[in-house]
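Student: task: produce atomic coordinates for the following.
(chains A and B)
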Amino acid sequence: MGLRIDQDHTRFKAIVRGKIKQNLRKYVQQGEMLGKKGKEFISIPVPFIDVPRFKHGSRQGGVGQGEGEPGDQLGQGQPQPGDGSGKAGEGEGQHVLEVDVSLEDLAQILSEELQLPNIENKGNDKIVTTRIKYTGINTVGPQSLRHFKRTFKEALKRQIATGTYDPGNPVIVPRRQDVRYRTYKLENLPQTNAVIIYMMDVSGSMGDEQKEIVRIESFWLDTWLRNQYKGLETRFIIHDAVAREVDRDTFFHTRESGGTMISSAYKLCRDIIKAEYPASSWNIYPFHFSDGDNWSADDTRSCIELLKTDILPDVNQFAYGQVESPYGSGQFIKDLREHLGDHDKVALSEVADKDAIYGSIKDFLGKGR
Amino acid sequence: MPKSLTPRLMDLKTEIEGYARTFGLDFFEQVFEVLTTEELNMVAAYGGFPTRYPHWRWGMDYEQLSKSSEYGLSKIYELVINNDPCFAYLLEANAEVDQKLVMAHVYGHNDFFKNNFTFKFTNRKMVDEMANHATRVRRWIDKLGVEKVEEFIDVALSLENLIDQHAPHIKRNPDPKTAEAQVNTRAEGFKVDKDYMRPYVNPAAFLEKERKKIEDEKKQSKKFPERPQRDVLAFLLEHAPMEDWEREILSIVREEAYYFAPQAQTKIMNEGWASYWHSTIMTTRALRDHEILDYADHHAGTMAMQQGKLNPYKVGIELFRDIEERWNKGRFGKDWDECDDLRARRSWDKKLGAGREKIFEVRKHYNDVTFIDEFLTPEFAIEQKLFVYNFNDKKNSWEIATREFKKVKNKLLQSLTNFGQPVIDVVDANWENKGELMLSHKHDGVDLDPGYAKETLKNLQGIWRRPVGIFTRGEGKGLLMRHDGSTFSEKKVDL
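Tutor: Residues are numbered from 1 along each chain as shown, chains lettered A, B, ... in the order given. Prediction:
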């Protein structure tokens, strides 16, 4: 339901995002924490917009209430009674308050900071279905939505309080005021189909730090694409000289050794697309991370061939990120750039270290495909 | 959108209203509306009103309120507005006992709004007025674009606290005509010993010239404004070169600031009074046996002390109860004050029974400052565990400074006077004869926040158009902060 205040609220959020933006680089670097914990929410500080006015310097002290001896330290935070005109909706808060930001908000911030364009959809999407979710409890409602457990709990509470409950004869009789009902909310579920296929080189030259970079970067890519497509699927492929499909966990934690044949991954990627994700109805995003040290020039040639004929026509965008390893940065990205650099479905990026992730995300998502 | 009361709630309202009346509460017609949580958050963000002019800060408050209610951090209990009829909101999903508690609490507020002297001159049709303001601001937004208007509102809000907080209805400036008449413009001319020589020594034309000169000098040296003016916003409205729409918006902001001023002036009393009555009505009349646990739980939640914060509900209700007890037992006056015998004091009871009557009188004639000043006793301060806290620079933390009664009381009064806002007057609108606007900060031991002052001066300059400045003190020395629109400067001055 639309409220009158939505307009003001949107406006405030727009302003806050302008204020939050400087901090974003930092977040991106801390992103690994988010990915690891797999929590849905993270806590980040949101600045409170404080209109400047003549006011007293902040450390003036005041009168408080509670236990303690003179000299005792007060709890965290700055107590400031008497500050602000103090009534509901008119009060002033502290300058920084911790507000939970959902991944959705985070993606929005990300998009604005990096000026990411919204992705053009393809396929039979934009079919929005509405779903009813019963999440709340109310004191009024239709009989059919009675919540028995809550109702009896209320009744039990009342009976215990009034002394009419007899444990020897535990009869609970709910009255009218005890009855609780479920209430619902409407949720919009856009139906779109998208799949990300992550590919990673796990050959001997890819160290833990390189994988860390891939992990952080894929967290942000995931966040963004999930914001764009509800019902996003992800697939993971690892490869050295041969490629195989794995689950998420294995993807980030496997360390193989041996040579690198990138074409093996691209072949598997192609097969998965052809078999399961018809290009007409799916938005497909292959991301490939490697240190760029391919086995042979021949293999590189067949990679380019595979991309040109099989993969690129089907996908929204093919992205290749080259992570710098202790052995230096490989040749592969140069070859790709030479042959496919001006192809508008190809995004290439070099990620030297963790700080470069920020720019790299922009390289990958900046095209709006 | 707001729903009217269900028959059950209607019955409850009638019941509670009956109790309130028998206790002698005197209130405006009371209207309750039932809202969902989202709607209640919205109304709360609007300061209790169903509509306000468009501005992002309502959105900011809404964001905070909805986030904190979503995560169960806080919950709005009651929301009531000073208006005739008095509007209050009930949360749809609340249990019956909560609705009763809120209703009882609201009748307390309603009575306070109607009777406390600080509210006497507030607009009692503010709901309509706020809607009018919204329409007027919207019209300007349609005409000029949202950016321009919003930017000016931001500027106006930055000066919002520059009103005469404690006396919204007292006109402090003398009527200009009567003041003018007292100015001496008589020219004496040269001193003459012999009367018959006068027309020759001081011919009429010369006297006329002299008189003009004096007048001119007077005019030039005349201070403008003649006396410091606390209501800076009124001064700007009258004298600053603003566009029509700017003037209109500034006057809206000023009017709303004055409307809310009494509520800030009586925060402790108002909440204390309402809490006193919800507690009295609930525990003596309205509460049913099975509701007592929930009631006690919620009442205790409202009264909870948080370390380092003064809970106005708690201090207010306890102080009212304390006054009631003291006047019931006759614990006031000369005998009481001079009695040093602790045992006698403890068992002091003259069975006056004048407590109820006294608190009704107090709720009418006091505001927070006078309330604390007159009724805060050392015993009360100890009982309520009041203390002064300060920032310890060495330890870089806040700590309890003292529990000494005098210091606690002084600190409390200081934080309540002008609501802890700096006291600022317009002192000169033609400074050094260059049309610069000068304000003066009455320094009471606490410096202005320099960063904020700088930005505020910049905003003020935007309205005044000519350079503006403020006399204040910083680190013990006289200080003039000045902003001419592009640069900010500070210099030491003697005050």
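Student: okay, now the unreliable bits of the stretch 151-300 of chain A?
Tutor: Scanning the stretch 151-300 of chain A for pLDDT under 70 picks out the ranges A:187-192, A:230-231, A:255-257.
Student: check which element follows the longest helix along chain A along the chain.
Tutor: Identified as the longest helix of chain A according to DSSP state H is helix A:208-228. Once helix A:208-228 ends, the next helix or strand along the chain (criterion: DSSP states H and E) is strand A:232-239.
Student: could you list the buried residues of the helix or strand following that next one?
Tutor: Per DSSP H and E, the first helix or strand lying C-terminal to strand A:232-239 is strand A:243-246. Applying a neighbour-count criterion of 16 or more other CB atoms under 10 Å in any protein chain shown, one finds A:243, A:245, A:246 buried in strand A:243-246. Bear in mind the C-beta positions are built from the backbone N, C-alpha and C, glycine included.
Student: Provide the contact partners of strand A:243-246 at residue level.
Tutor: A:199, A:235, A:236, A:237, A:238, A:254, A:261, A:264, A:265, A:267, A:268, A:272 (CB atoms under 8 Å, 6 or more residues apart in numbering or on different chains).
Student: contact partners for residue A:197?
Tutor: Shown in contact with residue A:197 (CB under 8 Å, 6+ apart): A:234, A:235, A:236, A:237, A:269, A:272, A:273, A:284, A:285, A:286, A:287.
Student: a markdown table for these, including distance to residue B:236 and neighbour count?
Tutor: Below are the contacts of residue A:197 laid out as a markdown table (distance: CB to CB, whole Å; neighbours: other CB atoms under 10 Å in any protein chain shown):
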| residue | distance to residue B:236 | neighbour count |
| --- | --- | --- |
| A:234 | 60 | 19 |
| A:235 | 65 | 22 |
| A:236 | 65 | 20 |
| A:237 | 68 | 22 |
| A:269 | 68 | 27 |
| A:272 | 70 | 17 |
| A:273 | 68 | 21 |
| A:284 | 62 | 25 |
| A:285 | 58 | 25 |
| A:286 | 63 | 27 |
| A:287 | 59 | 23 |
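Student: quick one: residue A:163 from chain B, how far?
Tutor: To chain B, residue A:163 is 7 Å away according to CB to the nearest CB, to the nearest Å.
Student: which ones are touching that residue?
Tutor: Remark: with contacts taken as CB under 8 Å, 6+ apart, residue A:163 is in contact with residue B:289.
Student: try residue A:213
Tutor: A:323, A:351, A:353, A:354, A:357.
Student: make it 6 Å
Tutor: A:323, A:351 (CB atoms under 6 Å, 6 or more residues apart in numbering or on different chains).
Student: domain-wise, how is the chain divided?
Tutor: No chain was given, so I picked chain A. Per the record, chain A has its domains at A:1-50+A:94-113, A:129-188, A:192-365, by automatic domain parsing.
Student: hmm, I had chain B in mind actually
Tutor: Domain assignment for chain B, taken from automatic domain parsing, gives B:7-116+B:266-297, B:127-173+B:230-264, B:176-221, B:304-417, B:422-492.
Student: pick the most buried one from these.
Tutor: domain B:7-116+B:266-297 (a mean of 20; mean count of other CB atoms under 10 Å in any protein chain shown).
Student: can you give me the end-to-end span of that one?
Tutor: 27 Å (CA to CA, to the nearest Å).
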